[in-house]
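**Student:** Need coordinates for the below:
(one chain, ligands or ions: 4)
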Amino acid sequence: MKPVTISADLHCHSTASDGTLPPAKVVTRAAANSVDMLALTDHDTTAGLDEAYLSAQENNIRLIAGIELSVTWQGKLLHIVGLDIDPEYRPLRQGIRMLKEMREERAQEMGKRLARAGYSNAYENARRLAGNGNVTRTHFARHLIEVGAAKDFTDVFKRFLVRGKPGYYRVDWAPMEDAINWITDSGGVAVVAHPMRYKLTASWLNRVIAGFREAGGKGIEVVCGHNSADDNARSAMFARKHGLLASQGSDFHEPGKWVELGKLATLPDGIEPVWQQWL
Ligand code: AMP
Ligand code: MN
Ligand code: MN
Ligand code: MN
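**Tutor:** Ligands and ions are numbered 1, 2, ... in the order given. Here you go, the predicted structure:
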């Protein structure tokens with residue numbers, strides 16, 4: 001049987017977390033870009049899914065219920081994407097509630113630290129920019145750029161929002177094993193997000209992926225937004241080596257900035273696409 005080729009984008013953000021478009025607009029934009037299958041994967045929240053689902057029905061595009069969970073494993077920050085999850089699954093809901101509280105507490109701590117560095121009311125402004133959604137470092141970044149503290153995202157993260165900088169506050173997010181269980185036991189597939197973005201050595205990355213696999217993780221993002229051709233090839237190698245399904249996604253956040261919805265390189269050969277099961 002000839003494999004069906006579709007345009008899948010299984011990683012993106014809306015105003016439910018740090019994207020700038022409301023969920024319905026993310027879906028219409030994806031449809032306009034000829035995406036056939038879209039997963040909305042907001043940071044630690046499923047709040048955008050109902051709106052996205054309605055818009056997907058109107059636009060004749062397949063919506064996969066998703067989330068991007070913040071996790072910590074052996075002191076390292078990782079992002080685990082959950083695909084085809086059941087957003088109503090109780091343990092997942094409880095995990096989301098816990099992460100929301102952690103995000104609020106962290107944001108307040110970041111605000112205190114930034115105030116000491118001379119930037120008052122950063123928490124209030126980040127909170128305002130986040131609206132009803134989860135507050136993230138991206139909202140602090142937008143505020144700090146707004147007040148002229150930095151010129152762009154790269155600049156503001158480097159100078160304020162990473163370890164050793166005034167606005168950084170370390171958090172232990174959800175344990176990786178728990179996050180994988182919330183996803184898997186709800187009926188979904190756990191995927192390691194953007195493996196090339198953690199600035200880990202090859203041996204650490206191998207360890208992380210092996211630990212992920214051992215804990216029941218099933219997939220890895222091979223083609224993603226910021227990857228170079230070499231990153232795609234290396235990620236494909238990890239997928240083959242660890243026997244993981246391949247995912248792909250733009251990690252779209254904002255028109256003009258970041259990568260556009262559906263604009264992705266072709267998946268390398270010799271790996272099985274995670275979305276095959278949803279065709
Ligand atoms: P948080 O989950 O609150 O720590 O925020 C993480 C988000 O910040 C990521 O999902 C990105 O959207 C954004 N981010 C992290 N580093 C950078 C960077 N160097 N430039 C632009 N955005 C970044
Ligand atoms: Mn983000
Ligand atoms: Mn991420
Ligand atoms: Mn993301």
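**Student:** who in the stretch 101-250 of the chain is up against ligand 3?
**Tutor:** Contacts of the stretch 101-250 of the chain with ligand 3, taken as C-beta under 5 Å from the ion, map to A193. The way it works is simple: take the backbone N, C-alpha and C, and place the C-beta from them, glycine included.
**Student:** For the residue in the chain that ligand 3 sits nearest to, give me its contacts.
**Tutor:** At 3.7 Å from ligand 3, H79 is the closest residue in the chain, using C-beta to the ion. Each residue near H79 by C-beta atoms under 8 Å, 6 or more residues apart in numbering is listed here: 68-71, 192-194.
**Student:** ok, now F157?
**Tutor:** 137, 141.
**Student:** still on that earlier bit, show me what the residue of the chain closest to ligand 3 bridges to in the sheet.
**Tutor:** S70 (DSSP bridges).
**Student:** Show the pLDDT at it.
**Tutor:** Reported pLDDT at H79 in the predicted model: 98.
**Student:** Can you tell me the closest non-neighbouring residue to the residue of the stretch 151-279 of the chain found nearest ligand 4?
**Tutor:** Of all residues in the stretch 151-279 of the chain, D251 sits closest to ligand 4, at 4.4 Å by C-beta to the ion. In space, and not counting its chain neighbours, D251 is closest to G225: 3.9 Å by C-beta to C-beta, 6 or more residues apart in numbering.
**Student:** for D44, same thing?
**Tutor:** Distances taken as C-beta to C-beta, 6+ apart place L99 nearest to D44, at 4.1 Å, with adjacent residues excluded.
**Student:** Just to check, the one you found is in contact with L69?
**Tutor:** Yes: counting by C-beta atoms under 8 Å, L69 is a contact partner of L99 at 7.2 Å.
**Student:** Let me see the confidence value for the residue nearest the centre of the chain.
**Tutor:** The residue lying closest to the centre of the chain (C-alpha atoms, centre = their mean) is E68, at 4.1 Å. Note on E68: pLDDT of 99.
**Student:** list the contacts for the spatially closest residue to it that is not a sequence neighbour?
**Tutor:** Taking C-beta to C-beta, 6+ apart, and ignoring the residues beside it in sequence, E68 has T41 as its nearest neighbour in space, at 4.4 Å. Residues near T41 by C-beta under 8 Å, 6+ apart: 10-13, 66-68, 81-83, 249.
**Student:** Keep only those of those that are in strands.
**Tutor:** Counting by DSSP state E, the contacts of T41 place 66-68, 81-83, 249 in strands.
**Student:** Give me the phi and psi for E177.
**Tutor:** Per-residue torsions, E177: phi -60, psi -40 (degrees, to the nearest 10).
**Student:** Could I get the contacting residues of it?
**Tutor:** E177 is in contact with 215-216, counting by C-beta under 8 Å, 6+ apart.
**Student:** now do 7 Å
**Tutor:** A215 (C-beta atoms under 7 Å, 6 or more residues apart in numbering).
**Student:** ends of stretch 70-87, how far apart?
**Tutor:** In stretch 70-87, first residue to last residue: 16 Å (C-alpha to C-alpha, to the nearest Å).
**Student:** how about it: buried residues?
**Tutor:** Neighbour-count burial for stretch 70-87 flags 70-73, 76, 78-87 (criterion: 16 or more other C-beta atoms under 10 Å).
**Student:** Kindly report the same for stretch 159-175.
**Tutor:** For stretch 159-175, burial by neighbour count (16+ other C-beta under 10 Å) applies to 160-161, 166-169, 173-174.
**Student:** Identify the spatial nearest neighbour of A107, chain neighbours not counted.
**Tutor:** V135 (4.5 Å).
**Student:** Now do that neighbour, the pLDDT please.
**Tutor:** pLDDT for V135: 98.
**Student:** My guess is it contacts R106. True?
**Tutor:** No: counting by C-beta atoms under 7 Å, V135 sits too far from R106 to count as a contact (8.4 Å).
**Student:** Between these two, point out the one with more neighbours.
**Tutor:** Shown here are V135 and R106; by other C-beta atoms under 10 Å, V135 has more neighbours (25 against 18).
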